[in-house]
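>>> Got a predicted structure here, sequence first:
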Amino acid sequence: METTRQRIADALREEPRTASDLAETLSLPTPTVYEHLEHVSRSVREGNGGSEGDADDEFLVAPPTCRECGFDGFDDPVNEPSRCPECKGERIEEPAFVIR
């Protein structure tokens, strides 16, 4: 039986996914998925990204982007910001994650 983190890593090897996508697929709360993503990213960097992991795997993040002004320089891309630091807008596109 696979762990939740292995299931997340396997899903990210298939296609880019947001934390909300993963939460829905795995029936988990979105904040819990973000916690697991932190650990998955470290595991991939360390070269043990799961049962099908490869030492050459990379954990890639398409950063969150403000839909109002286009700002994408958020401090922590493996987190869902609630507000844009530039325009203070709240329409933030979620970051997307993939393992390649």
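Yep, that arrived. In this text, all values refer to a predicted model and were calculated from it rather than measured experimentally.
>>> Just give the number of residues close to residue 2.
For residue 2, the count of nearby residues is 11 (other CB atoms under 10 Å). C-beta: built from backbone N, CA, C; applies to glycine.
>>> Surely it is within a strand?
No. Checked against DSSP: H, G, I helix; E, B strand; the rest coil, residue 2 lies outside a strand; its state is coil.
>>> Show me where the protein has its helices.
Here the chain has its helices, by DSSP state H, at 4-14, 19-26, 30-45.
>>> so who does the closest residue to residue 29 other than its chain neighbours touch?
In space, and not counting its chain neighbours, residue 29 is closest to residue 23: 6.3 Å by CB to CB, 6 or more residues apart in numbering. Going by CB atoms under 8 Å, 6 or more residues apart in numbering, residue 23 touches 29, 30, 32, 33.
>>> circling back to that earlier point, which stretch among the helices of the chain comes nearest residue 99?
helix 4-14 (4.4 Å; CB to CB).
>>> which intervals of the chain have sub-threshold pLDDT?
Scanning the chain for pLDDT under 70 picks out 48-55.
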